[in-house]
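K.L.:
Give me the fold of what follows.
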Amino acid sequence: AASAPASAPTAAAPAGDNILRMATSFKDKGLAIEGDAAYHLMKAGATEALVRVTLDGKAEPALATQWRRTGDTSWEFDLRTDVKFHDGSMLDSEAVVASLGHIMKAVTPPRALKGSGLTVEAVDADTVKLTTAKPDPVLPLRLAGPSTAILSKGAYASDPMNPIGFGSGPYKITKYDAGVGMTLERFDDYWGGKPQLAGVELRSITDPEARFNALKVGEVHVADSIAPNNVLEAKKDNALVVNNIELPRATTLYVNFTKPTLKNEKIRQAIDLLIDRDAIVATVLEGMGTPSAGYFGGVSWAPKAAARPADYLDQAKKLIAESGVKPEALKLNLMTYPGRPELAATANVIKDNLEQGGFSITLDVVDYNTVFEPKVMAKEHDLALLSRSFYTDMPDASSFLASDFGCEGSYNLNAFCEKAFDAIWQSAATVEKPEERTAIFVKAAQYLIDHKVGLPVYNDTSRRVFSARVQDAIHDPLDQRLVTHGTALKP
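P.N.:
Predicted structure coming up:
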């Protein structure tokens with residue numbers, strides 16, 4: 001079966017069925033390819049894009065064999081001729097036109113492509129021409145994201161679209177229960193070679209303790225977002241393997257600029273001073289993370305904020321006094337969600353930190369899909385604590401800067417809009433030389449630090465734990481790929 005309850009399983013999975021079972025912390029709301037479910041589809045081995053990103057952030061061929069720039073705003077991509085979709089049809093230019101055309105017409109297109117004006121047309125059966133509204137030197141990277149997966153045209157025959165049975169990966173979806181799980185079976189006609197597993201199961205187990213228990217008893221072979229204390233336990237267990245790589249991901253306290261108290265820069269400066277990042281990493285994360293000194297932590301070019309001064313409390317109280325904000329306006333709500341077990345504990349520390357400086361904080365830990373995301377997208381929050389990859393959409397800072405901080409950004413949780421800042425990141429749009437792009441990103445990142453546009457708290461590690469039986473899974477820092485045709489289970 002594809003599903004499992006959101007509580008700890010009590011019996012191990014059959015040892016000899018050669019099905020890899022994975023437990024995830026989130027519940028999918030559906031399988032729309034333009035949504036977050038696309039990540040689960042690609043990690044489970046159901047879908048592939050024209051381009052793939054290497055572990056060091058470079059674009060390499062996937063369903064496309066090569067590409068070339070044919071003009072300032074145009075590219076041509078040559079397609080593999082040996083790719084069969086799960087419905088038996090073959091990859092061709094019409095499938096690419098249908099797939100990319102669908103996501104560009106979506107109400108919320110993928111963040112990496114939003115505003116690109118991307119159009120696609122067939123040159124011949126195995127070649128497509130892609131055109132953007134403006135010159136885009138990093139277009140191949142934009143076409144590697146899970147939402148840009150190429151599906152058989154049959155996926156778009158219904159409304160809403162349905163990817164089940166229309167992918168090109170080594171595993172074919174056979175069953176899907178929204179919010180519960182997904183079952184996939186081996187696709188023997190996979191172009192990349194025979195898949196080693198009989199199948200894959202993806203299960204939603206939202207409780208972090210239950211995910212870890214499911215792993216320990218053998219109910220699943222992979223579990224993500226394991227609590228730090230359980231990671232320490234797993235490291236002592238020879239039957240488990242911890243994937244603890246550094247991620248391009250920050251847990252950030254987002255501040256709603258539409259609220260007068262938080263629009264006041266002195267208040268944001270005070271909040272920033274009060275957060276004890278070192279204590280959070282040491283106690284909540286058990287040392288498995290790095291205190292943030294700005295966005296893009298761990299990236300070599302990223303600027304860093306000044307260290308927290310010894311007299312931080314005095315400085316914070318002085319800033320609050322200078323802000324002109326009345327004491328009753330220091331009553332704020334802090335909201336987070338339970339999918340990542342460390343977030344609630346981190347929020348509790350931040351609550352205590354801020355109350356030390358004179359704030360009054362109410363803390364709500366709420367369901368992500370039904371409460372957290374709708375409220376923050378509607379700008380109804382004060383403070384929101386969220387873990388987010390700054391290379392979610394593509395390994396280039398431009399997409400993150402646009403989606404999370406641009407005036408028209410689709411994931412602007414700070415509700416921040418400043419034309420001067422937009423001008424900075426937008427200047428990278430046509431710049432091709434990496435060093436020149438980096439200089440622009442440095443300037444943008446420094447602006448966010450200087451003006452306290454959201455407050456990064458710590459940079460995270462993966463904390464995904466595997467059964468020692470799992471072989472040749474992809475440890476992808478972008479968290480786009482995990483299962484390949486070569487992934488196997490030892491007896």
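
K.L.:
buried sites along stretch 259-266?
P.N.:
Within stretch 259-266, the residues that count as buried by 16 or more other C-beta atoms under 10 Å are 259, 261-262, 264, 266. C-betas here are computed from N, CA, C, even on glycine.

K.L.:
Tell me the one of those nearest V241?
P.N.:
The shortest gap between V241 and any of the buried residues of stretch 259-266 belongs to L262, at 42.5 Å (C-beta to C-beta).

K.L.:
can you give me the helices in the stretch 351-491 of the chain?
P.N.:
Secondary structure of the stretch 351-491 of the chain by DSSP state H, counting those that start in this stretch: the helices cover 373-377, 397-405, 419-426, 434-450.

K.L.:
With the chain instead?
P.N.:
Assignment of helices within the chain using DSSP state H yields the ranges 37-43, 93-105, 139-142, 208-216, 228-235, 260-263, 265-274, 277-279, 312-323, 341-356, 373-377, 397-405, 419-426, 434-450.

K.L.:
Export only the CA atoms of the fourth one, formatted as PDB.
P.N.:
This means helix 208-216. Output for helix 208-216, consisting of C-alpha atoms alone and laid out as PDB, is shown next (Å, rounded to 0.1, in the frame of the first residue of the first chain):
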ATOM      1  CA  PRO A 208       9.000  13.700  13.700                       C
ATOM      2  CA  GLU A 209       9.200  11.100  16.500                       C
ATOM      3  CA  ALA A 210       7.000   8.800  14.500                       C
ATOM      4  CA  ARG A 211       9.200   9.200  11.400                       C
ATOM      5  CA  PHE A 212      12.300   8.200  13.400                       C
ATOM      6  CA  ASN A 213      10.500   5.300  15.000                       C
ATOM      7  CA  ALA A 214       9.300   4.100  11.600                       C
ATOM      8  CA  LEU A 215      13.000   4.100  10.500                       C
ATOM      9  CA  LYS A 216      14.200   2.300  13.600                       C
END
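
K.L.:
Now do the contacts for the most centrally placed residue in the chain.
P.N.:
Compute the mean C-alpha point of the chain, and by C-alpha atoms, centre = their mean the closest residue is T392, 4.2 Å away. When contacts are counted by C-beta atoms under 8 Å, 6 or more residues apart in numbering, T392 is found next to 111, 400, 478.

K.L.:
so what's A125 closest to, chain neighbours aside?
P.N.:
Nearest residue to A125 in three dimensions, chain neighbours excluded: D92, at 5.1 Å (C-beta to C-beta, 6 or more residues apart in numbering).

K.L.:
separation between the nearest residue to G324 once chain neighbours are set aside and H451?
P.N.:
Of all residues beyond its chain neighbours, the one nearest G324 is N264 (7.6 Å), with distances taken as C-beta to C-beta, 6+ apart. Relative to H451, N264 is positioned 12 Å away (C-beta to C-beta, to the nearest Å).

K.L.:
Beta-bridge partners for the nearest residue to A234 once chain neighbours are set aside, please?
P.N.:
In space, and not counting its chain neighbours, A234 is closest to L240: 4.4 Å by C-beta to C-beta, 6+ apart. Here L240 sits in beta bridges with S467, as judged by DSSP bridges.
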